[in-house]
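predicted coordinates and the sequence they were generated for:
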Amino acid sequence: MAWQRAWLIMKHKTKKAVAKRFRLTKKGKLKYMKAGRGHLLGHKSRKRKRQLRGGGIVSDADHKRIAILLVK
């Protein structure tokens, strides 16, 4: 159990892979860009590309897990 307390006290580094993919909004939500818009766009429908244009907000179920990796 001592290692668990030490883990809570230790300083944590930001996971850079996560920091590149998520941004924190002013209200504290996590925003991300949707996948599937990088290439091979010719065969995707106009509707599909339009819906991929906007970003998304991380669900409450995943928020805590991702926020831990974004500590600074």
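That came through, no problem. Numbers count the residues shown, from 1 in each chain.

chain center to stretch 47-57, what's the gap?
In this view, stretch 47-57 has its centroid 16 Å away from the chain centroid, taken as CA atoms, centre = their mean, to the nearest Å.

next: stretch 37-52.
Going by CA atoms, centre = their mean, where stretch 37-52 is centred and where its chain is centred differ by 21 Å.

so what would you say the end-to-end distance of it is?
This stretch, stretch 37-52, spans 7 Å end to end (CA to CA, to the nearest Å).

in it, which residues are buried?
Neighbour counts over stretch 37-52 (16 or more other CB atoms under 10 Å) mark residue 52 as buried. The way it works is simple: take the backbone N, C-alpha and C, and place the C-beta from them, glycine included.

what comes into contact with it?
34, 35, 36, 53 (CB atoms under 8 Å, 6 or more residues apart in numbering).

could you work out the most separated pair of those residues?
35 and 53 (12.4 Å; CB to CB).

so what secondary structure elements neighbour the lengthiest helix in the chain?
Identified as the longest helix of the chain according to DSSP state H is helix 60-69. In terms of contacts (3 or more CB pairs under 8 Å, 6 or more residues apart in numbering; DSSP states H and E), helix 60-69 is packed against strand 30-32.

which helices and strands does the strand it packs on pack with?
Under the contact definition 3+ CB pairs under 8 Å, 6+ apart, strand 30-32 sits against strand 22-24, strand 56-57, helix 60-69.

how distant is that strand from the center of its chain?
On CA atoms, centre = their mean, the centre of strand 30-32 falls 5 Å from that of its chain.

could you point out which element follows it?
Scanning forward in sequence from strand 30-32 by DSSP states H and E, the next helix or strand is helix 46-53.

now that following helix: mean pLDDT?
The pLDDT scores in helix 46-53 average 96.

equivalent analysis for stretch 27-34, please.
Mean predicted lDDT for stretch 27-34 stands at 95.

and that stretch, end to end?
Stretch 27-34: ends 20 Å apart by CA to CA.

oh, and call the first residue 341 from now on, that's how I've got it
Sounds good: first residue 341 from here, last item stretch 367-374.

so how far is it from its chain's centroid?
On CA atoms, centre = their mean, the centre of stretch 367-374 falls 7 Å from that of its chain.
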